[in-house]
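Peer 1: okay, here's the prediction I keep looking at, along with the sequence it came from:
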There are 2 protein chains.
Amino acid sequence: MAGDPMTHVMRCTQCGAEAVINMPQHRLKLCGDHLVAWTTKMAQKAIDRYELFTLEERILVAVSGGKDSLALWDILHRLGYASEGLYIHLGIDHEGYSDRSQDAAQRFADEHGLTLNVVNVQTVYGKSVIEAARRRRGGRTCSVCGLVKRHIMNRMAYEGGFAAIATGHNLDDEAAVLLMNTLHWDGHYLSRQAPLLPSIHPRLARKVKPLVLLYEREMAAYALVRQIDYVMQECPYAEGASSIFAKGILNQIERQSPGSKHQFYLGFLRARKGGLIASDASADLPSETCAQCGQPTMAGGLCAFCRLWEAAE
Amino acid sequence: MAGDPMTHVMRCTQCGAEAVINMPQHRLKLCGDHLVAWTTKMAQKAIDRYELFTLEERILVAVSGGKDSLALWDILHRLGYASEGLYIHLGIDHEGYSDRSQDAAQRFADEHGLTLNVVNVQTVYGKSVIEAARRRRGGRTCSVCGLVKRHIMNRMAYEGGFAAIATGHNLDDEAAVLLMNTLHWDGHYLSRQAPLLPSIHPRLARKVKPLVLLYEREMAAYALVRQIDYVMQECPYAEGASSIFAKGILNQIERQSPGSKHQFYLGFLRARKGGLIASDASADLPSETCAQCGQPTMAGGLCAFCRLWEAAE
């Protein structure tokens, strides 16, 4: 537990070897090996606690080429889950962001003998996400990108017969979204934000987040120890995003009181389960089918995804 | 609306005179006269919207000698409400804090021909709040102080036949408490925090907060313009309090997005009214009466206030 007073080397709480990370919120210092074991156990704990998926199901892992999604894929593979990856090339040129991210995802897949499915938005739909967002009146890049990714993930999961789409959202991501939704008391999002979004239609896959119990810095340490070669660059369009601001706020609160992020997010899930916050299990069921792509939609005619490309012509 | 490009003088949005305050969250810059009128109108709006009290009722204003409570008393007096003040001398010696605060409250009362009731805790109960807290095992000064103030306010309101106790909590105070309760998803407090706490027993007065629509800096400007001679020193025991940390966090969010504090607190009240957050109207009704002081209590025997002094003997 204690550090070495002579050299100030941090010691692993579990084996006494040199620690690579101190996690005051868990009163743990861990060496590389024990960090990998602990992180994997926490992912398994989330899979079990929130009943995300079983060993019999095939999982499509949405990989961006960043640390979280590649670490997630690594963990699921090590835990014996049947998975394939999905990389969506969005056509972001800035310092070769999309190309480099695809390379990182492909390298990881090749090294581990895993299958990576790639959808290049420009090739398949004729325009990059950036172009589509630019031509759409009032379209913000991030919201257009979200729409495109959701559509493609649902399509690929449906066509490939996957039981669920797994994303690498960690506790920091979820707590930041929660903080923003709480500052606005956004009932729609507060009633739904969850580690598991069940499938409400055969063509809309179950969405799962196995990393919700893990801090961002724990994932970064995991990726480092496991020597995962990921892209460190953030998406250039994310700069100034409110989620980054919210993460900074939460990190201040965490420094003041270790464990706050954990308590904030998990306390929220517990409070909703306990009835403090209304839970909207009866999500808006899409009643129509898009005449073009066949995915379900709320209104008649084309779905939002297909309307995007029409508008961007 | 615009400032003067030559001198950079801010102009009052309403009359063009030199402005003393810029309130970007309301898109308003106001001169001293219009600030006083606007602040008064916002207090009246809170009194009406939350049905705090009527012109027929007598109000006991809890005054600490600080800007908010004296400004509140000033506003209620100017609006024609029948009020008396209550100053509770807690026996805080640090730089004469309690004595100086009492002087400020008394000066204000004398200048305006108002009645100030003073309860000196040391004189009446034999010990200062600080001594009582020190002798009580595990008693934190702030929670002991809160207990003592609540008891005395209830006693004075009951004995004086006041309809309600008004406190100077402003929007910053309420938003900070809300943030702390939200970070912990504390259902007990989240279901109750409100501008009005109804009386649930003849000896427990209605509690009202007419300043909940006003930012702290608006209250400071009001006190300045109205030349209210208040004590600027904060209670020395409040240093490092989590509410001060929470206020700092909220001020950062406010700078990033003006109006956030307003939206956070008022959005919360709306969300609870709309059913997003469970509301606990059926507060714990005290079923017993304290054998010593006669105030209601949850358990039999002595109330928490009377037990405090027993323990501090």
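Peer 2: Received, thanks. Numbers count the residues shown, from 1 in each chain, chains lettered A, B, ... in the order given.
Peer 1: host element of A:G267?
Peer 2: helix A:260-273 (DSSP states H and E).
Peer 1: pull the contacting residues for the closest residue in space to A:A271 that isn't next to it in sequence.
Peer 2: Distance criterion C-beta to C-beta, 6 or more residues apart in numbering or on different chains; nearest residue to A:A271, sequence neighbours excluded, is B:W185 at 4.0 Å. Every residue, glycine included, has its C-beta placed from N, CA and C. Each residue near B:W185 by C-beta atoms under 8 Å, 6 or more residues apart in numbering or on different chains is listed here: A:264, A:267-268, A:270-271, A:276.
Peer 1: for the helix holding A:G267, which positions count as buried?
Peer 2: Judged by neighbour count using 16 or more other C-beta atoms under 10 Å in any protein chain shown, the buried positions of helix A:260-273 are A:260-269, A:271-272.
Peer 1: and the very next helix or strand once past it, how far out from the chain's middle?
Peer 2: On the C-terminal side of helix A:260-273, the closest following helix or strand by DSSP H and E is strand A:288-289. For strand A:288-289, the distance from its own C-alpha centre to the chain's C-alpha centre is 28 Å (C-alpha atoms, centre = their mean, to the nearest Å).
Peer 1: can you list the strands that strand A:288-289 pairs with?
Peer 2: Taking DSSP bridges as the criterion, strand A:288-289 sits next to strand A:296-297 (antiparallel) in its sheet.
Peer 1: contacts for the helix or strand following the partner strand?
Peer 2: Moving toward the C-terminus from strand A:296-297, the first helix or strand encountered (DSSP H and E) is helix A:304-311. When contacts are defined by C-beta under 8 Å, 6+ apart, helix A:304-311 is touched by residues A:125-127, A:132, A:135-137, A:139, A:144, A:147-148, A:151, A:290, A:292-293, A:295, A:297, A:301-302.
Peer 1: filter those to the buried ones?
Peer 2: Neighbour counting over the contacts of helix A:304-311 (16+ other C-beta under 10 Å) leaves A:125, A:127, A:132, A:136, A:139, A:144, A:147-148, A:151, A:290, A:293, A:295, A:297, A:302 as the buried ones.
Peer 1: pick out the most distant pair among these.
Peer 2: A:K127 and A:T297 (20.9 Å; C-beta to C-beta).
Peer 1: out of the buried ones among the contacts of helix A:304-311, name the ones that lie in helices.
Peer 2: Under the assignment DSSP state H, those contribute A:125, A:132, A:144, A:147-148, A:151 to helices.
Peer 1: from these, which one has the minimum pLDDT?
Peer 2: Of all those, the model is least confident about A:A132, whose pLDDT is 86.
Peer 1: partners of the longest strand along chain A in the sheet?
Peer 2: In terms of residue count, the longest strand belonging to chain A (DSSP state E) is strand A:82-89. With DSSP bridges as the test, strand A:82-89 is paired with strand A:58-62 (parallel), strand A:116-120 (parallel).
Peer 1: wondering if stretch A:244-260 reaches chain B at all.
Peer 2: Yes - on the criterion C-beta under 8 Å from any C-beta of the partner chain, stretch A:244-260 is in touch with chain B at A:245, A:249, A:252-253, A:256, A:260.
Peer 1: now the residues you listed: which count as buried?
Peer 2: Neighbour counting by 16+ other C-beta under 10 Å classes A:245, A:249, A:253, A:260 among those as buried.
Peer 1: list the contacts of A:L178.
Peer 2: A:L178 makes contacts with A:190, A:193, A:264-265, A:268, as judged by C-beta under 8 Å, 6+ apart.
Peer 1: give the buried residues for stretch A:33-43.
Peer 2: Across stretch A:33-43, burial judged by 16+ other C-beta under 10 Å covers A:34-36, A:38-40, A:42-43.
Peer 1: sorry, that was for stretch A:176-184
Peer 2: Across stretch A:176-184, burial judged by 16+ other C-beta under 10 Å covers A:176-183.
Peer 1: as TSV, those residues with secondary structure and pLDDT would be great.
Peer 2: Below are these laid out as TSV (DSSP: H, G, I helix; E, B strand; the rest coil; pLDDT from 0 to 100):
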residue	secondary structure	pLDDT
A:A176	helix	97
A:V177	helix	96
A:L178	helix	97
A:L179	helix	97
A:M180	helix	96
A:N181	helix	95
A:T182	helix	97
A:L183	helix	97
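Peer 1: do you know how far the residue in the stretch 51-200 of chain A positioned nearest to chain B is from B:H188?
Peer 2: At 3.9 Å from chain B, A:W185 is the closest residue in the stretch 51-200 of chain A, using C-beta to the nearest C-beta. When C-beta to C-beta, to the nearest Å is applied, the distance between A:W185 and B:H188 equals 19 Å.
Peer 1: so where is chain A shaky, pLDDT-wise?
Peer 2: Counting by pLDDT under 70, the ranges of chain A that qualify are A:1-7, A:137-139, A:281-284, A:312-313.
Peer 1: what does it have sitting close to chain B?
Peer 2: Taking C-beta under 8 Å from any C-beta as the criterion, the contact residues of chain A with chain B come out as A:182-185, A:187, A:190-191, A:245, A:249, A:252-253, A:256, A:260, A:263-264, A:267-268, A:270-271, A:274-278.
Peer 1: pretty sure A:F264 sits against B:L183.
Peer 2: Yes - in this structure A:F264 lies within contact range of B:L183 using C-beta atoms under 8 Å: 5.1 Å.
Peer 1: pull up the overlap in contacts between these two.
Peer 2: Overlap between the contact sets of A:F264 and B:L183, as judged by C-beta under 8 Å, 6+ apart, is given by A:I253.
Peer 1: distance of the residue nearest to A:A271 from A:A194?
Peer 2: If you go by C-beta to C-beta, the gap between B:W185 and A:A194 works out to 15 Å.
Peer 1: one more: A:N22?
Peer 2: Per C-beta to C-beta, A:N22 is found 30 Å from A:A194.
Peer 1: now swap in A:A304 and tell me
Peer 2: Using C-beta to C-beta, which is the criterion applied here, A:A304 is 22 Å from A:A194.
Peer 1: cool, A:A109 as well?
Peer 2: Shown here: A:A109 relative to A:A194, a distance of 29 Å by C-beta to C-beta.
Peer 1: more neighbours: those two, which one.
Peer 2: Taking A:A109 and A:A194 together and counting by other C-beta atoms under 10 Å in any protein chain shown, A:A109 has the greater number of neighbours (20 against 17).
Peer 1: secondary structure element for that one?
Peer 2: Per DSSP H and E: A:A109 is located in helix A:97-112.
Peer 1: show me what stretch A:288-296 is in contact with.
Peer 2: Applying C-beta under 8 Å, 6+ apart, the external contacts of stretch A:288-296 come out as A:151, A:154-155, A:201, A:203-204, A:286-287, A:297-303, A:305-306.
Peer 1: mind checking the end-to-end distance for it?
Peer 2: This stretch, stretch A:288-296, spans 6 Å end to end (C-alpha to C-alpha, to the nearest Å).
Peer 1: with stretch A:42-57 instead?
Peer 2: As for stretch A:42-57, its first-to-last residue distance stands at 20 Å under the measure C-alpha to C-alpha.
Peer 1: for it, which residues meet the burial criterion?
Peer 2: Applying a neighbour-count criterion of 16+ other C-beta under 10 Å, one finds A:42-44, A:46-47, A:50, A:52-53 buried in stretch A:42-57.
Peer 1: wait, which of these is closest to chain B?
Peer 2: In terms of C-beta to the nearest C-beta, no member of the buried residues of stretch A:42-57 lies closer to chain B than A:Y50, at 17.7 Å.
Peer 1: ok, the closest one - contacts?
Peer 2: Counting by C-beta under 8 Å, 6+ apart, the residues that A:Y50 touches are A:194-196, A:208, A:212.
Peer 1: distance of it from A:I200?
Peer 2: When C-beta to C-beta is the yardstick, A:Y50 and A:I200 sit 17 Å from each other.
Peer 1: from the stretch 1-150 of chain A, which residue is nearest to chain B?
Peer 2: Closest point on the stretch 1-150 of chain A to chain B, by C-beta to the nearest C-beta, is A:Q25, at 13.7 Å.
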